[in-house]
Every structure is written in C-alpha cells, then in structure tokens.
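Chemist: Next one to model:
(chains A, B and C)
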Amino acid sequence: MAYQMESSIRIEQKKPRKKAWTRWAIFLILLIFSVFALIPFYFMLVASFKPGSELIRYGINLKVQPDIMSWKNYGLLFTGKEGIYLHWYKNSVLITLLQTSVAVFLSALVGYGLAIYRFPGRNILFIAVLVVMMVPIEIMMLPLYELTVRLRIIDTYAGVILPFVVPPFAVFFFRQFALGLPRDLLDAGRIDGCSEYGIFFKIMMPLMKPAFGAIIILQAMFSWNNLVWPLIALRSNEHMTLPIGLSSLIAPYGNNYDLLMSGAVLSVLPIVILFILNQKAFISGLTVGAVKE
Amino acid sequence: MRKVILSLLVTLLLTSMVLPGFAAGPTTLTFWTFQELHKTFMDDAVETWNKNNPKQQIQLKTEVYPFDQMHNKLLISLQSGVGAPDLADIEISKFANYLKGRNPQLVPLNKIIEPIMDKLIKARFDNYAKDGKYYGIDYHVGATVMFYNKEYLDQAGVNVDQIITWDDYVEAGKKVVAATGKPMTTVEVTEHWTFYPMLSQYGTDIFKPNGDVILDNADNTKVLTFIKDMIYKHEIAVPAPGGFHHAEEYWAFMNQGGAASLMMPLWFMGRFVQYMPDLKGNIIIRPLPVWKPGGDRSAGMGGTGTVVTKQTKHQDLAVRFLEAAKISREGAIKTWTLLGFDPLRWDVWDAPEMREDNMYTDYFGKDIFTMLLEIKDEINPTVITDKYPLAIDLLKKNVCFKALRELSQTPEEALKEAAKELRQ
Amino acid sequence: MNKKKKASLLSFFNSPKTAPYVFVAPFILFFLVCYVYPFIKTIIMSTQQIFGFNDVEYIGFNNYRRLLNPHFFNALKTTSSYTFWTIMVLIPLPIILAVFLNNPATKGKNFFKSALFMPALTSVIVAGIFFRYSFGEQPTTLVNTLVGFFGMKPRVWLQERGPAMLALVVLCTWRWLGVNIIYFLSGLQAIPQEIYEAAAIDGANAWNRFFRITLPSLKPVIIYVVTISIHGGYSMFAESFAFWQTHTPGDIGMTIVSYLYQMGFNDFNMGFAAAIGITLLFIVMLINLIQLAFMGFFKKEGN
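Modeler: Next comes the predicted model:
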C-alpha cells in the first residue's frame, strides 16, 4: 500500500502547484459538509441547557448563553411528567437488546443455511428473501396490526419486534458473507463427529464474527430509531420508546420543550458514544455487504 | 440466548406491574385526553368527588397524548375490543368516526343528561348524539369572540365599541395598520377557526340539516372571499405564523404583540393565559362584528366530548363521575373558574361564582360574563353529519390553505372542489 | 425403546438432508406469518368496507375505484419526486465525497468520515426537531438567515410545495449522506490501484480516469444504493411525520404511506388503506424491475 501510494504520488508530481490547490479545495468541501452534518448535534446540546420557551420565542439559536443555561432540563428528565422519560429509555434499551439479539441470531442461522447447503427449495427461498427485501413493511401494517391485536401482544415488546425477527436484509448479508466460508471446514467438522449445528456454533460462527459485528450494529441502530411500527404497536405512555415518546412532546395542545431537547440529547448520546468507541466496526460493518454485491 | 430469556422475563414482570392493582381502596379510572388543561380540570373534579363520596374513592390515571395519536389509538382500541380507557376526550371534528358502524363502542349517557335537559344548551349535546342516544358531554358552548389588543387600538384612535359591522372592522384595521404597523388580525390558513365561525355567524353552514352539502353556496364563497380580501386587498390581516392559532410560532408572535386583534372561541382565553403571558391586561374581549345590522354577534365553535367507553369495568361509576365533573352545578361552574369556558348549563350563568375573581378576570378584566350573557342567543347551531370529519379535514388542508395561503385556487374553486368530494 | 426413538430423532434432525431446513425454518415461518399472511389479508381487506374487526362488508373493487382521487395522485407525485430528488442528490454527491475521501493526499480523513456518518445514528424525530425549526418561517430562523445572505426574502418553507420538498430532501440528505459515502468508499477501495496507474501512464487525466474507471467499477454499488433508495423513497413516512405530523397543509408533504396511515389509522378506513398498500406494492415492484433491467442487472445474472 505504502509503495503504491508512493508511486502514484511520483506520477502526480508533474504539477505540484495545482495539486496543492485542489487538495485545499477538497479539504474545504469536506469541511463544509462535516459542519452541515455536525451543526444539529451542536444545536441540540446548546438548546438542551436553555429554557424551552427560548426555542419557541427565538427559534434556533446557536449562541452559548451562560446566563440562561442550566442543568434544570436534565433534572426534569427524572421528575417531569412523573419520570415518564425513564420509562421510555428503559423500553428503548430493552427493545433494542431483545430485537437485535433475536434478529441477529435467527438471520445468521438462515443466511448460513442458505449459503452452505444445497437443498431442494433453496433457490426459491433465496428469491423470497430478495423479493421481501423490496417490499416495504409499511404495506403490511394493517393486517400485522390486526394480528398483534388478535395474538394479544399489542402494546408489548413482543408486538414491537414481531415484524423484525428475521430481517431479510440481515439474512441476505449473512448469506453473502457465509458464501466465502471455507467449505472444507464443513467436511473436517463432520469427520471429527460434529453435528451440523455443532459445526455452525463451534466452527463457523467464530469465522462469521465480522458479519455479526456489522449486523448487530445495523440492527441496534435500526431498532433504537425505529418509528413507524412502534407508533402503531405501542399504546400506553409508559410503554413507548424514545422516538415515539419524544414525538409526543411536540404537540400543539401542550408543549414540553424543556423535556424535549434534553431528552433528545440523551437519546442520541449512547449510540454516539458507542460509535466513537467502535468507529471501525461501524464502518467496516456497513461495507462488508456492499463489497460483496 | 440466556440474555434473551432473561429480558423476556423482565418484560413479563414489567407488564404485570403495569396491570391494574387488585388491592382494595380507590377505584382506578383511566382517562385519555389531548389537552393538558383538561387533565387539570379532571384532577380537580376527582378531588371534589372524593370529598363528596368518601366511600367510593376514585383515582384518575390521565394520559395526555398528541391530538392525532390519541384519536387513532382510541378508535383502534375501540374497534379491536382491547386497550381502551374508561373515559376519553374526543374532539368534535373526530366524533363521527366513533359512531360509524352498527354498534358504537361508547356508553349512552341519556340517563344523566335527560333529567336535566331543560337546564342545558341542547344543541351542544346533539353534536354527540346518534339515533336519540347521547354519547358525549362537551366542556363548553364555545362562543366565538374578538380579542382586541387595547394598546394598539388606542394608538390608532379606534374606539372598540364603534366597530359594529365587519366593514367597520376593516376600516378600523386600516387605521391600526397605518398607526402601528401591525396587522389588525391573523387568519388561520391550515386550520378552520377563521372561516368556519365566520360562515356560521353569517347564517350558512357546511351541510343542510338533511345532510345535503351546501359548502359551495354563494354565501360561503362570499365569506371566504371576504377573508381573502382582508389579507390581500385591504392588507389588514396576515396568515397566522405557523399556519394556525395553536402553533408555537403563533404564540411567540402574538406574545410579542404581533397583531391587534384575534377572533377565536372564548376557550382560547386559556391559551392567552398560558402561552401569551406578556399581553396580560392589554386584551379586551368583545362580541364579533356583524355581517349586517342586527345580525348575529357570535358562533358556537369547537368542542370536545368526554365519553365513557364500553370497555370500562366500572361503567356506573365512570358515568356518575362524568356527570359530577361536568354537568352538575358545581362542575359547570368549575368549567368556568378553572378552564375559562362558557358552561353548558345556562342556569349557572348568573350564579354569583361567575362574577368572582379568577385568573381569567385578572388577565381580561371583569366583565367577560356580562358580555357573554348578551350574545348567548346569537349563536347558530352547526349541522354535524357522518361526513363531518372529512369536511373539517378538507376545510383545513385544502380550502383554507389553497384559497388563503397558496392562492392556487379562488375561493369559489376551492369550495367547489371540496363540496364535490363531500358529495361523493 | 425410548432411547432408540430419541436417537433416531436426533439423527433425523442431524442428517445433512434435514439440517438445512432447520437452519432456514425461522425465515420460512417469518415469511409466512409476516409477509404471506398479511399480503393475502391485505388483498382481502382491500375489497372490504371495514367498520370493525368483526364488522365487514364486501364491496368488490370500490376501494380501488376510490383511489382515483386527487389526494392519491398528489401523494403519488410527492412520493415520486421525493424519491427522484433523493436519488439525484444521494448518488452523485456521496460518490464525489467518497472519491475525495479515498484520495491518499486528503488530510483528516478519519474525522470527516466519522463526522459525516454521525447523522445516521439519530432518529428522524430528533433530526426533525432541528430541521423543523431551521426551516421555520420567522425571519430569524437558520435557513431564512442563510438565504438572507444571498439577498433572498424570508419564506414560509413548510407551507409551500417546492420549499417543502427541499426541506424533506435536505433532511434525508443529512441523515443518509454519510452512509452512502461509506458504501461508495468500500466500492472504491475494491478497485485495484494498478488500473489507475496504468491509465495514468497512458496519459488519462483525472476526469477520464473518473468516468472510464471509477464510475463503471462502482456500478454494482450504485445499483444497490439506487435499489434501497427506491425502497426508502417510496415507503417514506417518518420525514414527513417529523415536519408536519399527520396534517400537511394542502397535502404538500403527504406521501403514499402517510395517506395509508391517515386513512387506515386516523379514519379507520382500513379497506381503503389496504387498497393503497397493494397499489404501492405494485408501484415499488415495477419501478425496481425497470431500474434493474435498465442497469443490466438481469443480463449479469444470466451469465
């Protein structure tokens, strides 16, 4: 790599002045887009320390004003509206854990099965996965809603995760990844007396670790931020997740902006921290699938 | 895997904790609303109830949801037979949705309404009735009035009591604009609280009592054109910032003295007190200007019916509590003292409590109720059919928006198009 | 006897013939419960007038006939132009930025990558709070101040058709730009460096190299991103919800899924909503097939 870079630089050396100019232009463009990406985070942080009435009166204001800023809004998260925010937080955490673990485990099984074995019906199943990937789940909302009502899992965690227990995208992803697994390990495992499942759990799963990392992150992000289905499947205030709870604070007949901004900051914080700690895993996770396309 | 099972167990545990307790003591009733102020009112009513009925205490668990979300959830809970609360607020423009089908999932309230019907404003109960059964109890009459900013009128040298007709109002508006640079009023362009009261006051309506659609008749076109002219021809009005009178942008605008007057139902007083504190002492309330001499000076607008759902396990208690909270003598008076609403029982209108000081008289002055009594017979009934939710939706999203804000259609075209859809 | 049975059961499940089905069983079940059943049910519902869950009436194709109304066509138009614009922005822009980020001479790459990716971590609702106020109508809001620099007058962004679409596309761009950059970056990194070197020696300039080598090599990634963008564009609801909840003035921000949501859940017009859903499904399928055919996806499969 280093050698390649060197050689490409040598080739470009002909017009050094122009090169420096473009380099600065590129840097500037990237900087502008990064500022565009980061400003909302900065704003939320600043606004979360100001009284909610400021937002209503003056709209978005990026100034740091120590005289009107305080931790009060963060205190409100524990006391405002009888501490409902903590319920939302707990629900979001539990639903994300539950949905991610179930979805990742099941789709790994299926993706692996589709990639490793040749069996009658395999192609049809894979086509089913591809077709389902193109079907927006929103179309199925009405009967799914009826189903959750009839199963008596409306307004429960089970109801929220039902349409996402074997996400087709994750199945596809695991299948693509598992295609690259060395098949001779399968035979080796069989000779050693491993069962088919033993081979999966003991030999193959450790090899699929990068795929797991990626899908766990994608699923957790999806689940943490999911809006449409939970909006329908959840009913009572204390069962709501963060996005729905927060959206319920923006209503014309009773605004709670004090709670809204600090609540939004704390809802973004864990996933941002996770991201900053594991940037490589996040980014390489996303790309494993794309490269394989 | 163990984690999964564990979290499942935790989930189960948590849900079981949320289920109603079995211990004796106060009966828990649940109540859904979309309006924080109604929660305050009901909490107070529970306190009164518990004082008067020490043997049958109530604990009210109120959930305040956003407007749409509450109505959706309630409708679906009722249709699917699970998850509905004992009591709920349903806004008048949504009510017909809950009476669809062969079997409304609401408890008829005739038992508590009929015995005192002679003391009630009957029209307000007919809004929530079907086949002779009353399903909801409103909070107020909803007389529409004009809120004037006295400071601006004085600056412009306008005497508020000389504004008799809408034409006078427009002339006064021109003076105000010239003297203060502020618009005379604001007009709702994404909601219907400007057009609808004015057409009702004019004496026309969306439907005829037999259900025929008359939204596109000449009178309605004239009213809508008049509103449009206030904005674009006379330039005394502006579209409400945020589009409607309940937007945060609007409260901010108004609180800073954005416009010299505002037409809304009397219940909007609560919004002034809560969201526009800086205008305290500056706002005076007057009847509406009339369309022609001797015409009506108000219109009955809005409303929210509180209902008891069929899913309640304490039907009798819920119904009796609702009666005590809203249509008993004390309850009716409380709708005024706590919420600033015009009570549904006219027999309390001259009660001494109505003249006492409260936060509304502090804000608006003392003569509110005298003024209200003056115009009580100048309120036309409005016709409500099962197409009403669609009609209001079309008024908000299409008619007012396209004719007053977007200007993509003339008032006539906008009304014709909406009427056509209503007739389908 | 019992032991034997157990053993034979075990070996049955463990046989390489059965095992694959055990592995894929969760998907089969899921497919039946969450796709096949709802799909059939939606078709049935679309022929009904539904008053309550157990109170229905068959009305044939009436729901589909009712679809021929201005609201639906408006929603279709809004959704299509949203999809169109998001693709127009979210394919070229991230490709260019990815090329910049892939340039070994660029400084601060890791910072830029992280910064651009951060928005993908937030929910639409949280992002919507910021953008709703940025696009507010007071002259002091962020966007109005910004256009003020260019001498433009303040606008009521969220109540006009064009500006409202702009707001939606900006929100979408903010959230997904970083993700698409990552996709394209991975595509770029898979292109062997030697090809560029060979081209450079042949005297190809930067433009030539970009159009002759980079773009064609990125084709599979572009197909992938276009496919998910069509999917995301046509099923868009959350962005519109973040700006207007469910009442958008003049239907300017009402998408097909918002229409479905409003009809189904606001008005409990489930049968009609089901007809909207089925129609949407066919539209998405059709557009995806056209797109894939256009990109030559099937030709490749044929080989």
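Chemist: What is the three-state secondary structure of whichever residue of chain B sits closest to chain C?
Modeler: The nearest approach of chain B to chain C comes at residue B:101, 3.4 Å away (C-beta to the nearest C-beta). From N, CA and C alone the C-beta is placed, and that goes for glycine too. The three-state assignment at residue B:101 reads coil, by DSSP: H, G, I helix; E, B strand; the rest coil.
Chemist: I figured it hits residue C:55, correct?
Modeler: Yes. With contact defined as C-beta atoms under 8 Å, residue B:101 reaches residue C:55; the gap is 5.4 Å.
Chemist: about what we covered before: against chain A, how distant is the residue of chain B closest to chain C?
Modeler: In this structure, residue B:101 and chain A are separated by 16 Å, where distance is defined by C-beta to the nearest C-beta, to the nearest Å.
Chemist: ok, back up a step: neighbour count winner among residue B:101 and residue C:55?
Modeler: Neighbours of residue B:101 and residue C:55, each counted by other C-beta atoms under 10 Å in any protein chain shown, are more numerous for residue B:101; the result is 16 against 13.
Chemist: If we ignore the residues flanking it in sequence, what's nearest the more buried one?
Modeler: residue C:51 (3.4 Å; C-beta to C-beta, 6 or more residues apart in numbering or on different chains).
Chemist: Could you give the number of residues near that neighbour?
Modeler: 17.
Chemist: State which helix of chain C is the longest.
Modeler: Ranked by number of residues, the top helix in chain C under DSSP state H is helix C:161-189.
Chemist: Flag every buried residue along it.
Modeler: Of the residues in helix C:161-189, those buried by neighbour count under the rule 16 or more other C-beta atoms under 10 Å in any protein chain shown are C:161, C:163-188.
Chemist: Show the residue spans covered by the strands in the stretch 101-250 of chain B.
Modeler: Counting by DSSP state E, counting those that start in this stretch, the stretch 101-250 of chain B forms strands over residues B:129-130, B:133-134, B:144-149, B:185-187, B:237-239, given from the N-terminal end onward.
Chemist: for the ones you listed, which one sits closest to residue A:235?
Modeler: With C-beta to C-beta, the closest approach to residue A:235 among these belongs to strand B:129-130: 26.1 Å.
Chemist: Quick one: residues in contact with the closest one.
Modeler: B:99, B:104, B:135 (C-beta atoms under 8 Å, 6 or more residues apart in numbering or on different chains).
Chemist: ok, that strand: who's next to it in the sheet?
Modeler: Taking DSSP bridges as the criterion, strand B:129-130 pairs within the sheet with strand B:133-134 (antiparallel).
Chemist: so how far is the partner strand off the chain centroid?
Modeler: Taking C-alpha atoms, centre = their mean, to the nearest Å, one finds the center of strand B:133-134 at 20 Å from the center of the full chain.
Chemist: average pLDDT across that strand?
Modeler: Rounded to a whole number, the mean pLDDT of strand B:133-134 is 93.
Chemist: Pull up the residues of the stretch 101-250 of chain B that are close to chain A.
Modeler: Proximity of the stretch 101-250 of chain B to chain A, by C-beta under 8 Å from any C-beta of the partner chain, involves residues B:244, B:246-249.
Chemist: Give the helix, strand or coil label for the residue nearest to residue B:101.
Modeler: Under the three-state scheme (three-state DSSP), the conformation of residue C:51 reads as strand.
Chemist: could you point out which element follows the helix or strand of chain B with the lowest mean pLDDT?
Modeler: Within chain B, judged by mean pLDDT, DSSP states H and E, the helix or strand with the poorest mean is helix B:2-18; its value is a mean of 51. Once the chain leaves helix B:2-18, the next helix or strand it forms, by DSSP states H and E, is strand B:27-33.
Chemist: Who are the packing partners of that next one?
Modeler: Counting contacts by 3 or more C-beta pairs under 8 Å, 6 or more residues apart in numbering or on different chains; DSSP states H and E, strand B:27-33 packs against helix B:36-52, strand B:58-64, helix B:67-80, strand B:87-91, helix B:315-322.
Chemist: tell me the most buried of these?
Modeler: Looking across the helices and strands packed on strand B:27-33 with neighbours counted as mean count of other C-beta atoms under 10 Å in any protein chain shown, the highest average goes to strand B:87-91: a mean of 24.
Chemist: could you give the angle of that one to helix B:315-322?
Modeler: On the basis of axes from the mean of the first three to the mean of the last three C-alpha atoms, to 10 degrees, strand B:87-91 is oriented at 60 degrees to helix B:315-322.
Chemist: so the most centrally placed residue in chain C is in which element?
Modeler: Residue closest to the mean C-alpha point of chain C, counted by C-alpha atoms, centre = their mean, is residue C:232 at 1.3 Å. Following DSSP H and E, one finds residue C:232 within helix C:215-234.
Chemist: go on, residue C:282?
Modeler: Under DSSP H and E, the secondary-structure element containing residue C:282 is helix C:270-294.
Chemist: show me where the stretch 251-400 of chain B has strands.
Modeler: Taking DSSP E, counting those that start in this stretch as the criterion, the stretch 251-400 of chain B contains strands spanning B:261-265, B:283-286, B:304-308.
Chemist: Output the ones you listed as JSON lines; include the columns mean pLDDT, mean neighbour count and distance to residue A:194.
Modeler: Rendered in JSON lines, the data for the strands of the stretch 251-400 of chain B read as follows (pLDDT from 0 to 100; neighbours: other C-beta atoms under 10 Å in any protein chain shown; distance: least, C-beta to C-beta, whole Å):
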{"stretch": "strand B:261-265", "mean pLDDT": "96", "mean neighbour count": "24", "distance to residue A:194": "76"}
{"stretch": "strand B:283-286", "mean pLDDT": "94", "mean neighbour count": "18", "distance to residue A:194": "82"}
{"stretch": "strand B:304-308", "mean pLDDT": "96", "mean neighbour count": "26", "distance to residue A:194": "64"}
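Chemist: With respect to chain A, which of the ones you listed lies nearest?
Modeler: Distances from chain A to each of these were compared using C-beta to the nearest C-beta; the shortest belongs to strand B:304-308, at 10.2 Å.
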